[in-house]
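Peer 1: Sequence plus predicted model, see below.
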Amino acid sequence: MAYPACPGEGCNKKITEDQSSGQWRCEKCQRSYPAPEYRYIFSVNVSDETGQTWLQCFSDIGEQILGCTANALIELQNSNETEFKKKIAEATFKEYKFRCRAKTEVFNDTSRVRLSAISLYPINFAVETARLNRLVESYGQYHGKKPKNNKGSVE
């Protein structure tokens, strides 16, 4: 769910540990570091009334969903497995409004769409209800019908 990334400015490439020196090496930057900067990369299954799909999530989205940095979560995983599992469980079945990017990729001559979460927001139910109400009202106006009064009859 996280990978060791280069802590260099503007570089998020995966780095590898040199077993002989204990240093972490970035092949892109051609530099060594004492420790990596862990970054999230994981998929989440999201659903609504229309169905479900998988979204790819990266560091900024992962921090919002899990409530901590990838460094903190990896440290928790290595030090206290019970608390790590609890942290993951706390992040499940939450409600968010996602903004996504769809990208077509070809792998083994098969084309598929990969969805990535770009941003997420906690759901503001009052705002969403007002938006849906406007949508329903515009549907009635589009079809030439007047909205119903409070008694359920058409005016």
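Peer 2: Cool, the structure landed. Residues are numbered from 1 along each chain as shown.

Peer 1: low pLDDT regions in this protein?
Peer 2: Per-residue confidence of the chain (counting by pLDDT under 70) places the weak regions at 142-155.

Peer 1: what about the residue nearest the centre of the chain, helix or strand, and which?
Peer 2: The chain has Cys57 as the residue nearest its centroid, 3.7 Å off, counting by Cα atoms, centre = their mean. When elements are assigned from DSSP states H and E, Cys57 belongs to strand 51-58.

Peer 1: tell me which residues in that strand are buried?
Peer 2: Of the residues in strand 51-58, 55-58 count as buried by neighbour count, 16 or more other Cβ atoms under 10 Å. From N, CA and C alone the C-beta is placed, and that goes for glycine too.

Peer 1: Which residue ranges of the protein form helices?
Peer 2: For the chain, the helices defined by DSSP state H cover 59-66, 70-79, 81-90, 125-142.

Peer 1: could I get those as JSON lines with distance to Val46 and mean neighbour count?
Peer 2: Output for the helices of the chain, formatted as JSON lines (distance: least, Cβ to Cβ, whole Å; neighbours: other Cβ atoms under 10 Å):
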{"stretch": "helix 59-66", "distance to Val46": "11", "mean neighbour count": "18"}
{"stretch": "helix 70-79", "distance to Val46": "20", "mean neighbour count": "16"}
{"stretch": "helix 81-90", "distance to Val46": "16", "mean neighbour count": "12"}
{"stretch": "helix 125-142", "distance to Val46": "16", "mean neighbour count": "10"}
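
Peer 1: can I get these in TSV with distance to Asp109?
Peer 2: Output for these, formatted as TSV (distance: least, Cβ to Cβ, whole Å):
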stretch	distance to Asp109
helix 59-66	31
helix 70-79	34
helix 81-90	36
helix 125-142	41
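
Peer 1: Looking at those, which is nearest to Glu9?
Peer 2: Each of the helices of the chain was checked against Glu9 via Cβ to Cβ, and the shortest separation belongs to helix 59-66, namely 15.4 Å.

Peer 1: same for that closest one, what does it pack against?
Peer 2: In terms of contacts (3 or more Cβ pairs under 8 Å, 6 or more residues apart in numbering; DSSP states H and E), helix 59-66 is packed against strand 37-48, helix 70-79, strand 110-122.

Peer 1: what's in contact with that helix?
Peer 2: Residues outside helix 59-66 that contact it (Cβ atoms under 8 Å, 6 or more residues apart in numbering): 1-2, 39-42, 44, 57, 69-70, 73, 87-88, 91, 94, 96, 117-120.
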